[in-house]
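Q: Okay, here's the prediction I keep looking at, along with the sequence it came from:
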Amino acid sequence: MTHRTLAVVSAGLSQPSSTRLLADQLAAATRDELVRRGSEVELRVVDLREYAHDVVNNMLTGFAPAALREVVDMVTGADGLIAVTPIFSASYNGLFKSFFDVLDSESLVDRPVLIGATGGTARHSLALEHAVRPMFAYLRSVVVPTAVFAAPEDWSDGTADGALRARIRRAAGELADQIERRPPATGPADPFALTTDFLQMLGRGDGGAPVS
Ligand SMILES: Cc1cc2nc3c(=O)[nH]c(=O)nc-3n(C[C@H](O)[C@H](O)[C@H](O)COP(=O)(O)O)c2cc1C
């Protein structure tokens, strides 16, 4: 049985948060789909509001505090990513953007990503297409075709209505397809790993004899 890890990032600020609710439903649907196809799935959910100060400190100093480092490693080392933001001023909110700004710009290359958003009006649903999708295009991630937007009228008593449920299922299937096409993730890249042969760096290309 293949082991898969799914990172789930929610940038919702309210408590309770409709963004987190959508993120959880996208995560559950993707997990169920991968399990149905024979994988075992580990979900790792992060509410960015808990790391907001660390994200700002990282932007100011260039270094991630330990707790944020763990989150960054978790997100960059997962098989797939579900990234959900509330729409603020017709775009992703600042916390969502700032978190992805502090990641190494190579760390999500070729990573399957499902994007979602919540908003006060369905008229802003295309913010997913003109803001969130281009950001992941810059990071060279593979964003699945179905992006899931949830407006207030898509919920009743915290339950997704039929049309939203169908969008969630379709997007989850697309993310599972992309994850399945790739070998299991091996975790975050080691920033201290040697990329050059050490003997060559010393001018000892023969494996031991000093170069005259
Ligand atoms: C500062 C601010 C700006 C917002 N701007 C928009 C907007 O441009 N378009 C929209 O549809 N909703 C907008 N909203 C509404 C939020 O996107 C919506 O309430 C969201 O679902 C909140 O998510 P949460 O419950 O996870 O915090 C805005 C909310 C705030 C606080």
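A: Sure, I can see it. Numbers count the residues shown, from 1 in each chain.
Q: going forward, measure contacts and count neighbours with C-alpha atoms only.
A: OK.
Q: Could you list the low-pLDDT ranges of this protein?
A: Scanning the chain with the threshold set as pLDDT under 70 gives 189-212.
Q: Please identify the residues of it in proximity to the ligand?
A: Taking C-alpha under 6 Å from any ligand atom, the part of the chain that reaches the ligand is made up of 12-14, 17-20, 86-90, 118-121, 124.
Q: go again using 8 Å as the cut-off
A: For the chain, the residues in contact with the ligand (C-alpha under 8 Å from any ligand atom) are 10-21, 85-91, 93, 117-125, 150-152.
Q: Tally up the residues packed near Pro174, please.
A: In this structure residue 174 is Glu, not Pro. 20 (other C-alpha atoms under 10 Å).
Q: so who does Ile179 touch?
A: For Ile179, the contacting residues are Asp79, Gly80, Pro112, by C-alpha atoms under 8 Å, 6 or more residues apart in numbering.
Q: typo on my end, Ser17
A: By C-alpha under 8 Å, 6+ apart, Ser17 has no neighbours at all.
Q: and with 10 Å instead?
A: Ser10, Ala11, Ala23, Asp47, Pro86, Thr118 (C-alpha atoms under 10 Å, 6 or more residues apart in numbering).
Q: from the contacts of Ile179, which is closest to the ligand?
A: Among the contacts of Ile179, Gly80 lies closest to the ligand (C-alpha to the nearest ligand atom), at 21.4 Å.
Q: Verify the stated contact: the closest one with Val8.
A: Yes - the pair Gly80 and Val8 passes the contact test of C-alpha atoms under 10 Å, sitting 8.6 Å apart.
Q: in what helix or strand does Ile87 lie?
A: Using DSSP states H and E, Ile87 maps to strand 80-88.
Q: Kindly apply the preceding question to Pro184 instead.
A: Going by DSSP H and E, Pro184 is not in any helix or strand.
Q: that older thread, list residues touching both of Gly80 and Val8?
A: Leu43, Val113, Leu114.
Q: where's the most centrally placed residue in the chain relative to the ligand, distance?
A: Centroid-nearest residue in the chain: Leu81, 3.4 Å away (criterion: C-alpha atoms, centre = their mean). According to C-alpha to the nearest ligand atom, to the nearest Å, Leu81 and the ligand sit 18 Å apart.
Q: go on, Ser141?
A: In terms of C-alpha to the nearest ligand atom, Ser141 sits 24 Å off from the ligand.
Q: Wait, that residue touches Ile82, no?
A: No - the pair formed by Ser141 and Ile82 falls short of the contact definition of C-alpha under 10 Å, at 11.8 Å.
Q: Compare the two (neighbour count), which wins?
A: Between Ser141 and Ile82, counted using other C-alpha under 10 Å, the more crowded position is Ile82 (24 against 20).
Q: So what pairs up with the more buried one in the strands?
A: Beta-bridge pairing for Ile82 (DSSP bridges): Val8, Leu114.
Q: sec struct for the nearest residue to Ala171 once chain neighbours are set aside, please.
A: Excluding its sequence neighbours, the residue lying closest to Ala171 (C-alpha to C-alpha, 6 or more residues apart in numbering) is Thr146, at 5.1 Å. Secondary structure, DSSP: H, G, I helix; E, B strand; the rest coil: Thr146 is coil.
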